[in-house]
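1. Only the shape, not the letters, is given here:
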């Protein structure tokens, strides 16, 4: 089995790309097809962007930790931050077409198989899971 990846990125938008590239390469290596890799990458990008915008706004000294690993036929991506707590997980409904924002969570829900969040020890923990039947 291919080992997972562990990344800690400074909480700045320009640092997300290298994290996304690393996770996408890992996904290809464990057997996801191009479309699945794209969806995983977009879901992760949306999660990181939400953290930067809502949990860690103007806190570039903080880090976002991303761990991904294949476990029991699932890709598990754990995203940790020490930002403002997410007290309620947003729903999966797309906003009206004229709204400029609010599509990130619906994309995450639609393109990942499981999404969960908890806030413990002053830390947000977002878990994204994607089934890979060939694992």
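-> Thanks, I have it. This structure is a prediction, so every number in the text was calculated from the model and none was measured.
2. Would you tell me what helix or strand the residue lying closest to residue 34 once chain neighbours are set aside is located in?
-> Sequence neighbours aside, residue 28 is the residue nearest to residue 34 in space, at 7.9 Å (criterion: C-beta to C-beta, 6 or more residues apart in numbering). Backbone N, C-alpha and C define where each C-beta goes, glycine included. Assigned by DSSP states H and E, residue 28 belongs to helix 16-29.
3. average pLDDT for that helix?
-> What helix 16-29 shows for mean pLDDT is 94.
4. Whatever helix or strand comes next after it - contacts with which helices or strands?
-> Towards the C-terminus, the helix or strand next in line after helix 16-29, according to DSSP H and E, is helix 34-50. Identification of packing neighbours for helix 34-50 by 3 or more C-beta pairs under 8 Å, 6 or more residues apart in numbering; DSSP states H and E yields helix 16-29, strand 63-71, strand 74-81, helix 104-111, strand 123-131.
5. Identify each buried residue in helix 34-50, please.
-> For helix 34-50, burial by neighbour count (16 or more other C-beta atoms under 10 Å) applies to 36-37, 39-41, 43-48, 50.
6. now stretch 69-85
-> Taking 16+ other C-beta under 10 Å as the basis for neighbour counts, the residues of stretch 69-85 that come out buried are 69-70, 74-83.
7. Could you tell me the average pLDDT over stretch 56-76, please?
-> Mean pLDDT, computed over stretch 56-76, is 92.
8. gap between that stretch and the chain center?
-> When distances are taken as C-alpha atoms, centre = their mean, to the nearest Å, stretch 56-76 is centred 6 Å away from the chain's centroid.
9. From what I see, residue 4 and residue 69 are in contact.
-> Yes - A contact is recorded between residue 4 and residue 69 when judged using C-beta atoms under 8 Å, the distance being 3.0 Å.
10. contact partners of stretch 75-86?
-> The list of residues contacting stretch 75-86 from outside it, by C-beta atoms under 8 Å, 6 or more residues apart in numbering, reads 11, 23, 27, 30, 32, 40, 44, 47-48, 51, 54-56, 59, 62-70, 117, 119, 122-130, 132.
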